[in-house]
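Undergrad: Here you go, sequence then predicted model.
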Amino acid sequence: MSTTPTRVFVARLVGLPIFDPQGDQVAKVRDLVVAIRTETSQPRVLGMVAEVFGRRRIFVPMTRVTNIDSGQVHITGLLNMRRFEQRSTETLVMGQMLDRTVTIKDSGGGGITGVVYDVAMEQARNRDWVLSRVAVQEPSKGFRRRGQTHVVEWRDVTGLTRHEPAQGATHLIAALNDMRAADAANIIHDLPPERRTAVVAALDDERLADVLEELPDEDQVEILEHLDSERAADVLEEMSADDAADLIADLNPETAATLLGLMEPEEAEDVRRLMSYEDDTAGAMMTPEPVILSPDATIADALAHVRNPELTPALAALVYVCRQPLETPTGKLLGAAHIQRLLREPPSTLVAAALDDSMDPLRPDASLDEVAAHLATYNLVAAPVVDDEGRLLGAVTVDDLLDHMLPEGWRDRAPRPGPINGSGTGGAR
């Protein structure tokens, strides 16, 4: 390991790709697992929590790490694909050490109090990796926006081994906000209950909504039930209507009715409408807010709408032209236009001139198999859903379909497609 830097800060390590000896990426770093014995002895780094195959989290021993540079981690040997389960003697650096309140000792017997915002590891003489430095930030004082920071030796800090029920979440939240929602959801899923509660309380409503959509159903229900009713309703309003409808359907009827009553009337109406359809039908899984335009809109108007960064790629792939009103259920659907076609036409052209006349809409009672066959037959990533009068009710996207077709608990049970690059698996933890 002679090429490995002598000191690596963990917050910068999280998210880095992990490469096998053939140079193929096999995972991403999500956390470090350490064994803390006392406050004076440097904790040994046991390994990394790595994410493989669509969110499966496994354990990679530090003995397999051959090199860490500024942008990647290299390993050798075989990977054990068993799902990582934290033991009672282990501590997660990102999940449990960040934001812990500590005191930096001084010679006078006093100390400086602050919170941990990063931790560094390095190799000892025996080649083991140990935590060696602690980055601490003091509370802000007066008009200063941030408190003073210190990077000190592990032995000069007290409080790292103390259980802290009221541990904050500021620095972990900062790290989570830099991640994709699915990656942040993975970390939150694996946090201890007390830590998860603190993190959820510190997330803003929009970010919490994004993360909830990526969590397993049981986690969604548990988190929502621990929020006060007003905040739970606010978070549901930030979620996409179809995801909110699925979540509310999992709550007990009394709680569901209370939350629907606290939501904004327009948001609640969309959710109620989706819940009125039978499960696993086009109506139940559709998104009620696709990009809808009037017949006199231009292609420039359409392109401006699909640039909205809040749209998923699938929703941005099609625009739907309808007669007034343009809120679902709309006036009669005239047709849909593909973004690829729009990009080939002059911006001043009416979008109605670029409609795909061959696309048939779906009915809200179409089954999962019928929706899947429709998208596959016409090579679509989205399709309109209309009522008996031809009014647009919403759009089904391929991600909506996959969410309903995958087996229950798929987010927490990623299937293993086979050996990584033919290298096989092995190496018990």
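TA: Nice, I can see it. Numbering: from 1, shown residues only.

Undergrad: Can you spell out which helices and strands pack onto the helix or strand where Glu194 lies?
TA: With secondary structure defined by DSSP states H and E, Glu194 is part of helix 193-202. Other elements packing on helix 193-202 under the criterion 3 or more Cβ pairs under 8 Å, 6 or more residues apart in numbering; DSSP states H and E are helix 170-177, helix 181-189, helix 217-226. Every residue, glycine included, has its C-beta placed from N, CA and C.

Undergrad: ok, now with 7 Å
TA: Packed against helix 193-202, as judged by 3 or more Cβ pairs under 7 Å, 6 or more residues apart in numbering; DSSP states H and E, are the following elements: helix 170-177.

Undergrad: check contacts around Ile292.
TA: Applying Cβ atoms under 7 Å, 6 or more residues apart in numbering to Ile292 gives the contacts Tyr320, Cys322, Leu326, Thr330, Leu392.

Undergrad: ditto for Val65
TA: Each residue near Val65 by Cβ under 7 Å, 6+ apart is listed here: Val73, Ile75.

Undergrad: Now it. Its backbone dihedrals?
TA: Listed backbone geometry of Val65 is phi -80, psi 120, with angles given as degrees, to the nearest 10.

Undergrad: So what's the gap between the helix holding Glu194 and the chain middle?
TA: The chain centre lies 16 Å from the centre of helix 193-202; the measure is Cα atoms, centre = their mean, to the nearest Å.

Undergrad: who's in contact with it?
TA: Contacts to helix 193-202, defined as Cβ under 7 Å, 6+ apart, come from residues 95-96, 165, 167-170, 172-173, 188, 191, 208, 223, 226.

Undergrad: Can you give me the buried ones in it?
TA: Arg195, Arg196, Thr197, Ala198, Val199, Val200, Ala202 (16 or more other Cβ atoms under 10 Å).

Undergrad: now that helix and helix 181-189, what's the angle there?
TA: With axes from the mean of the first three to the mean of the last three Cα atoms, to 10 degrees applied, the angle from helix 193-202 to helix 181-189 works out at 140 degrees.

Undergrad: Helix or strand next in line after helix 193-202, which one?
TA: Following helix 193-202 in sequence order, the next helix or strand is helix 205-212 (DSSP H and E).

Undergrad: any residues touching that following helix, and which ones?
TA: Contact partners of helix 205-212, identified using Cβ under 7 Å, 6+ apart, comprise 177, 181, 184-185, 188, 200, 203, 220, 223, 234-235, 238-239.

Undergrad: Ok, stretch 351-362 next?
TA: Around stretch 351-362, the neighbours that count as contacts under Cβ under 7 Å, 6+ apart are 282, 293, 295, 297-299, 301-302, 319, 321, 333-338, 341-342, 345, 371, 374, 378, 383-386, 396.

Undergrad: Looking at the contacts of Ile292, which are in strands?
TA: For those, the ones inside strands are Tyr320, Cys322, Leu392, with DSSP state E as the criterion.

Undergrad: Tell me the confidence at Glu85?
TA: According to the model's per-residue confidence, Glu85 sits at a pLDDT of 86.

Undergrad: and it, which of the three is it?
TA: Counting by DSSP: H, G, I helix; E, B strand; the rest coil, the backbone at Glu85 sits in coil.
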